[in-house]
Structures are given as C-alpha cells and as structure tokens.
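Colleague: Predicted coordinates and the sequence they were generated for:
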Amino acid sequence: MTESDQQRANLVANVKAARTMRGWSQADLVNRLNELDADTNQSAISRLEKGEREPRFSELTALLDLFGVTLDALTGDPEAFLNMAGWAKARAAYLGARTRIRSGCVDYEEAAQKLWGLIANHQVPNGVPQEEVKELREGVGKSGAVIAEEWYEHLSPHLGAWRVDGHLPGDDDGQH
C-alpha cells in the first residue's frame, strides 16, 4: 500500500471513529459540517466512510475544524488520531463550559443589579415575604465568582478538589 493509499484509509477510519466517539449519526455529522459550509449530504458521508469517495475541499476543511485536528492527524495513524480527537473533544467541552460560565456570570450580575435596584428603591411588591427580601438583599451583593466558589463547597469530594485558585489537585507548583 502506498503512503497516499494509507492516508486515505486512515482518513476513512478516523472520520468514522471521530463521529462515533461523539455519539453522532451520519446525519448529525452532516448537519455539523453544513453549519461550517461543507455543503454535503448523508449519502456523501456514507460513501466517504466506506472509502468510496474522497472528501471535497469544503468537507475536508470542515472536518478539520469540527474535530479540532490537523490534516496530518486526520490522515495519520488511527490510534494517534483517537488520542488527538479525544483531546480536542475534551478541550472543546472545557472551552464551551468556560464560555457558558462567563455568560452566566454576566447574566447573574445583570439580574443582581436589577434586583438590587428594586430593593434599594423600595419597589418590592406588597406580599413578598420580608425573609425573602432579607435573603436576597444579602445575596445580591455577592459576585458571580463568590456564588460559584460557595457552590464548589457543596460538590462531591472529587470535584470539590478542583480549587478555585487555578491550581489542579496534585499540582503544587502551579505547572499544569
């Protein structure tokens, strides 16, 4: 088998492996690729995964972006590819969660300011229990970071080991 034939065979195996690793059907992959302007369909992906066709340039670039890997990785050794694809999947999940946390903090701060404005300007509707107002008055002064840190204290021992100061468990020197 020539090097080019091996790369094609690896690409076929790696596309299917990355798709199944994520729990995606071929239709799911098609939808995600088309969100990246691949202009493809399920029949084309099925034939690609069977080795009956090569990807078009738009499909190939979308696959690289979607899986977060290089062309060398996508056409390389399947075991090495799975390691890289697993890394890319974990990295994407981490970055997505981090973005949601940041967005949630912004939403929290805006809601806290709005609520504080109502409390401070004595615009709390009649019938709201004073205990609720007192609790909210104490809570709205906390930043989103403080709220997150307090929640960490309630997590399982494993997750609670992840410290808020940016150090990983067992990483005493701060070198990740």
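Modeller: Received, thanks.
Colleague: how about the residue nearest the centre of the chain, secondary structure?
Modeller: Central residue of the chain (Cα atoms, centre = their mean): residue 93, 2.5 Å from the mean position. At residue 93 the chain is in helix, as set by DSSP: H, G, I helix; E, B strand; the rest coil.
Colleague: Show me where the chain dips below the pLDDT cut-off.
Modeller: Residue ranges of the chain with pLDDT under 70: 156-176.
Colleague: Strands of that one, start to end?
Modeller: Using DSSP state E, the chain contains no strands.
Colleague: What ranges does it have for its helices?
Modeller: Here the chain has its helices, by DSSP state H, at 3-21, 26-35, 42-49, 57-67, 71-74, 78-120, 130-139, 144-152, 157-160.
Colleague: so how far is the longest one from its chain's centroid?
Modeller: In terms of Cα atoms, centre = their mean, to the nearest Å, the gap separating the centre of helix 78-120 from the centre of its chain is 8 Å.
Colleague: these two touch, right, residue 45 and residue 28?
Modeller: No. Between residue 45 and residue 28 there is no contact under Cβ atoms under 8 Å: 10.0 Å. The way it works is simple: take the backbone N, C-alpha and C, and place the C-beta from them, glycine included.
Colleague: Compare these two (neighbour count), which wins?
Modeller: Neighbour count, other Cβ atoms under 10 Å: between residue 45 and residue 28, residue 45 has more, with 24 against 13.
Colleague: For the more buried one, which non-adjacent residue is closest in space?
Modeller: residue 26 (4.9 Å; Cβ to Cβ, 6 or more residues apart in numbering).
Colleague: ok, now residue 50?
Modeller: Residue nearest to residue 50 in three dimensions, not counting chain neighbours: residue 12, with 7.4 Å by Cβ to Cβ, 6+ apart.
Colleague: and what of residue 1?
Modeller: Closest to residue 1 by Cβ to Cβ, 6+ apart is residue 9, at 7.4 Å.
Colleague: in terms of contact, does that neighbour touch residue 51 like I think?
Modeller: Yes. Counting by Cβ under 8 Å, residue 9 does reach residue 51; the two are 6.9 Å apart.
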